[in-house]
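**Q** Show me the folded form of this:
(chains A and B)
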Protein chains: 2
Amino acid sequence: MYEASLAEGFLFTDLYQLTMAQVYYRLGVHEQLAEFDYYFRSYPDYGKHQAGYAVNAGLEWLLDWIETTHVTDVDIEHLATLRSASGDPLFAGDFLAWLRQNGDFSGIGIAAIPEGRVVHPNVPIAVVVGPLVIAQILETSLLNHLNYPTLIATKASRVHEAGSGRPVLEFGMRRGPERGSNAGTRAALIGGADFSSNVGTSFATGVPAKGTHAHSLIQLFLAKGESELDAFRAYADVFPDDCLLLVDTIDTIESGIPNAITVFEELRRSGHEPVGIRLDSGDLAYLAIQAARMLNDAGFADTSIVLSSNLDELAIWQIVSQIRSEAPSYRVDPDHLIGRLSYGVGTRLITSQGDASLDGVYKLVAIEEPSGWRPAIKVSESQAKIPNPGRKQVWRLYDARGTATADVLGRADETIETGRPITLHHPVIPTSMRRLPEGAVSEVEVLPVPVMANGRRLEQSPTIDELRRRRSADLERLDPGVRRLINPHVYHVSLTDNLWDMKIGMVRRLMGQ
Amino acid sequence: MYEASLAEGFLFTDLYQLTMAQVYYRLGVHEQLAEFDYYFRSYPDYGKHQAGYAVNAGLEWLLDWIETTHVTDVDIEHLATLRSASGDPLFAGDFLAWLRQNGDFSGIGIAAIPEGRVVHPNVPIAVVVGPLVIAQILETSLLNHLNYPTLIATKASRVHEAGSGRPVLEFGMRRGPERGSNAGTRAALIGGADFSSNVGTSFATGVPAKGTHAHSLIQLFLAKGESELDAFRAYADVFPDDCLLLVDTIDTIESGIPNAITVFEELRRSGHEPVGIRLDSGDLAYLAIQAARMLNDAGFADTSIVLSSNLDELAIWQIVSQIRSEAPSYRVDPDHLIGRLSYGVGTRLITSQGDASLDGVYKLVAIEEPSGWRPAIKVSESQAKIPNPGRKQVWRLYDARGTATADVLGRADETIETGRPITLHHPVIPTSMRRLPEGAVSEVEVLPVPVMANGRRLEQSPTIDELRRRRSADLERLDPGVRRLINPHVYHVSLTDNLWDMKIGMVRRLMGQ
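**A** Predicted structure coming up:
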């Protein structure tokens, strides 16, 4: 029996969601409508350098999970076995009977910023409305489905930017977080990886998987008393049109590249064009230059050079810089070399090495009473942790150049228009505000769109290509300073006058209690 | 359609395993028996401090996956759609027909160090023997199933050690790596967490889930115009014997603890004993002392104090140290306070913050020829990356005190006995060796045991408690210096004379080619 499968359904949640559910059930408020915001508080910070934006990912697989998940008899039977400290059942029979009847997400509606879009801290990315108990139980799975993919899509976007648009190949499955690696691969494909080695997830997402061979192919030939050249020939024989050879098993410059060139010449004589080589160890910038020189001299100036081995955005940036400065002294044109590179990025992408978590949270912001929606808030010693209360609207403002200049949170009953001046409040600091004069804003875009009603998605799931187009379009409208890998400009996330006043008023009333 | 499910079967692998498989098929060596070692190269290194040992985890879920996974028609149909650069099918019909017939793990045998045991770098943790193509395809899934859980079990063991045996609660699901969080929870339960909030995985592993309530419970009451005290009373009413209250929603000392004490007194009057409080923000050491003082003064000296909020092993260590030095000045007995603490550990455990990956590898070490097994090796500029070749045996040596003193790798045809002197080689440095005289070793333990034959597990899956007992037993026999959280002693991993000679001979022959 594969135990893991028990753990991926309705019980993919934290126990306290269920204990709170029983309290709400007992109070009779369990079916009152509640609204929760999902947002993250800060960009990933990789030690020396912090991201200036994030790429939203995970939404579609979350919607899949919500649509297909409901409580089962096995789940209920398990919950009935849990005991309190006194030995009595932790969950009462009437509550479990209610949960058996109502343990699905058919009452859930979600408005969300579409997957693939650029997102910023404190801006609600998903807004969930539903019966209090069900929306509360959803918290853990929602956070789980969105935090990690957004983290990985963000890293992938940075890797893509560092590589100046050259192909990025996601190779991380072997060091990735068990089953979560599939979500990581998908997020990488959305955020900036062009292809992945992960066959199943490539299949599921409709992106062809990529990969050639490992060191073990050469090792096998050597163990049999044959040579690296024999191994390369065997590979070229089976894949004459996809011949990309890993050249560092014995010695890159003395053995691997000369043997690859021999095979490439044989391929060409038989009417096939070789694809290239892969370098997986050593000083990749230096070896890429030497490989380019040797391949050029042999008449293979158009073959690819794939680099891999502990790459991330800074390693790629350093390699490109080193090639620019060193290649000319070996008679290699740096632009030509950089233009034939691809990057295989594994562990450091799928684990977001440097910052392995996104601090996304899911906060109650409003509850529907007979008199209407009432805002909810939570105070904190850390001002930045106070949620923005109430039902809200979110807009992205574009300046006269068409560049995104701020995301603005306002009350749900407000509108923002381009034709009028707009006052923006810093979400935390009372004295920090700015006034955008009439004409400063060329476009006001409403960010969240309804994606689910009554537990059913409202649109078909987009393709990876559609998600990538959203990302590219958003990145093009982002200030280059915000896109910068190191020390980026801070993108503005602001509140309207009305929301600011409501938030401050609520905090004061609460602290005055 | 939940896309993720397509990606968790036989195609949960890297494409290059399948392209290499086709090469082996074409060469006719695809069914030759091959042996691969799984091992990691270095302990997790969390920036300022490196682990001195690791806890082996993931094996049982790997065996589940192997037992239940085989290629499907859908998988084969997908592979048939992949195209080479020329537009021809990447995989030929005869190869796919072979794979359709043979795409399962019924030829696989595994010997492994049992899950839960303490493990060290370069020691084979799992040794796989099977038909070359199938054992090669298994690589990615095996690495994926073992690397991440071992990483998390290791972190959990350190957290457990820092907490001096007080309960550790795993809370990380919401920031964990999507589905991989379940494997992370299970690994944490093996490595050092006593309980988890993750309901499904707790269910699957037979450990009762733990959890009480979130800030949102208080928020809801406040939004309805009621108070924190009302919320606490409602919770206590439903869970009178499990009343553990989160006291930091408004103000821990001014509001949360006094309100909790009021409810605790009411509970006691009605014949129930309260469980305790949880602190989730602020200076946890200081607040724990104040909470203890207030609870003691109110007659609740036996209630638990659960700490959470960005905890890891160093944070816990610091909190315990601060309590030891500060508590007496508030008339609080530090030992009594430390003895009532529990630790809720979330993000930093499930993501192994500081080092988010384990560098486990899977290397071809031998291939069976008609003449017998032939060892395989791979050279590398980095000496530490040269695998130890051939079929091997692995022993753990215990010294006269019964403490584990070294793990030793030897050739499969060797034995080590306590009654004779033993010479141990450093695995990389030729001049580093030591000779253990007769009598220095009190016990020689063979580490790997057969766990799978013909694709079927040989023993029933052990319970989490059995896995924990293995861990505890191994930790008790580990030198305290090796267990130390910071700057641990280096545990010895050594080679026998015979294996050292074989390795050096093979490297010399290969480099001389």
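**Q** show me what contacts residue A:124?
**A** The contact partners of residue A:124, by C-beta atoms under 8 Å, 6 or more residues apart in numbering or on different chains, come to A:37-39, A:113, A:392, A:394, A:409, A:448. Heads up, the C-betas are built off the backbone N, CA and C, glycines and all.
**Q** Save those residues as TSV, and put in secondary structure and pLDDT too.
**A** TSV is the format used below for the contacts of residue A:124 (DSSP: H, G, I helix; E, B strand; the rest coil; pLDDT from 0 to 100):
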residue	secondary structure	pLDDT
A:37	strand	97
A:38	strand	96
A:39	strand	95
A:113	coil	98
A:392	strand	97
A:394	strand	97
A:409	strand	97
A:448	coil	97
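**Q** Can you name the residues of the stretch 201-350 of chain A sitting close to chain B?
**A** A:201-205, A:208-220, A:222-224, A:227, A:234-235, A:237-239, A:241-242, A:249-251, A:272, A:275, A:281-282, A:347 (C-beta under 8 Å from any C-beta of the partner chain).
**Q** Mind doing that once more with 7 Å?
**A** Applying C-beta under 7 Å from any C-beta of the partner chain, we find that the stretch 201-350 of chain A lies next to chain B at A:201, A:203-205, A:208-217, A:219-220, A:222-224, A:234-235, A:238-239, A:241-242, A:249-250, A:275, A:281-282, A:347.
**Q** List buried members of those residues by neighbour count.
**A** Burial by neighbour count, 16 or more other C-beta atoms under 10 Å in any protein chain shown: within these this picks out A:201, A:203-205, A:209-217, A:219-220, A:222-224, A:234-235, A:238-239, A:241-242, A:249-250, A:275, A:281-282, A:347.
**Q** Those in strands, which ones?
**A** Cross-referencing these against strands under DSSP state E gives no overlap.
**Q** Just the residues you listed: which are in helices?
**A** Members of these lying in helices (criterion: DSSP state H): A:201, A:203-205, A:215-217, A:219-220, A:222-223, A:234-235, A:238, A:347.
**Q** Over to the closest residue in space to residue A:56 that isn't next to it in sequence: give its phi and psi.
**A** For residue A:56, ignoring the flanking residues on the chain, the nearest one in space by C-beta to C-beta, 6 or more residues apart in numbering or on different chains is residue A:119 at 4.5 Å. Backbone geometry at residue A:119, expressed as degrees, to the nearest 10, gives phi -130, psi 160.
**Q** Check what pLDDT residue A:119 gets.
**A** Residue A:119 carries a pLDDT value of 98.
**Q** List the contacts of it.
**A** By C-beta atoms under 7 Å, 6 or more residues apart in numbering or on different chains, residue A:119 lies in contact with A:54, A:56, A:113, A:125.
**Q** what about residue A:260, how many neighbours?
**A** 30 (other C-beta atoms under 10 Å in any protein chain shown).
**Q** Let me fix that, I meant to ask about residue A:236.
**A** Residues within reach of residue A:236, counting by other C-beta under 10 Å, total 23.
**Q** Then residue A:419 would be within a helix, right?
**A** No: Residue A:419 is assigned coil when assessed by DSSP: H, G, I helix; E, B strand; the rest coil, not a helix.
**Q** contacting residues for it?
**A** Neighbour list for residue A:419: residue A:438 [criterion: C-beta under 7 Å, 6+ apart].
**Q** how close does it get to chain B?
**A** Distance, residue A:419 to chain B, using C-beta to the nearest C-beta, to the nearest Å: 36 Å.
**Q** Could you find the closest non-adjacent residue to the closest residue to chain B within chain A?
**A** Taking C-beta to the nearest C-beta, chain B has its nearest neighbour within chain A at residue A:180, 2.7 Å off. Sequence neighbours aside, residue B:180 is the residue nearest to residue A:180 in space, at 2.7 Å (criterion: C-beta to C-beta, 6+ apart).
**Q** List the residues that contact that neighbour.
**A** By C-beta under 7 Å, 6+ apart, residue B:180 lies in contact with A:177-181, B:148.
**Q** Most widely separated two among those?
**A** A:179 and B:148 (9.5 Å; C-beta to C-beta).
**Q** Common neighbours of the two, please.
**A** By C-beta under 7 Å, 6+ apart, residue A:179 and residue B:148 have these common neighbours: B:180, B:183.
**Q** what's in contact with stretch A:82-95?
**A** Residues outside stretch A:82-95 that contact it (C-beta under 7 Å, 6+ apart): A:22, A:25, A:79-80, B:208, B:239, B:241-242, B:275.
**Q** Actually, stretch A:125-141.
**A** Outside stretch A:125-141, the residues that touch it by C-beta under 7 Å, 6+ apart are A:12-14, A:17-18, A:20-21, A:24-25, A:29-39, A:56, A:65, A:105, A:107-113, A:119, A:142, A:146, A:362, A:448, B:173-174, B:216.
**Q** Just the CA trace of that stretch, in PDB.
**A** Extracted in PDB, the C-alpha atoms of stretch A:125-141 (Å, rounded to 0.1, in the frame of the first residue of the first chain):
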ATOM      1  CA  ILE A 125      -3.000  37.000  -5.000                       C
ATOM      2  CA  ALA A 126      -6.000  34.900  -4.200                       C
ATOM      3  CA  VAL A 127      -9.100  35.900  -2.400                       C
ATOM      4  CA  VAL A 128     -11.300  33.100  -1.100                       C
ATOM      5  CA  VAL A 129     -15.000  33.400  -0.200                       C
ATOM      6  CA  GLY A 130     -16.900  30.500   1.200                       C
ATOM      7  CA  PRO A 131     -18.500  29.000   4.300                       C
ATOM      8  CA  LEU A 132     -16.300  29.800   7.200                       C
ATOM      9  CA  VAL A 133     -15.400  26.200   8.100                       C
ATOM     10  CA  ILE A 134     -14.600  25.100   4.500                       C
ATOM     11  CA  ALA A 135     -12.600  28.300   3.700                       C
ATOM     12  CA  GLN A 136     -10.600  27.700   6.900                       C
ATOM     13  CA  ILE A 137      -9.900  24.100   6.100                       C
ATOM     14  CA  LEU A 138      -8.700  25.100   2.700                       C
ATOM     15  CA  GLU A 139      -6.000  27.400   4.100                       C
ATOM     16  CA  THR A 140      -3.200  24.800   4.400                       C
ATOM     17  CA  SER A 141      -3.600  23.300   1.000                       C
END
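**Q** How far does it sit from its chain's centre?
**A** Centroid separation for stretch A:125-141 versus its chain: 21 Å, with C-alpha atoms, centre = their mean, to the nearest Å.
**Q** Kindly report the same for stretch A:412-427.
**A** 29 Å.
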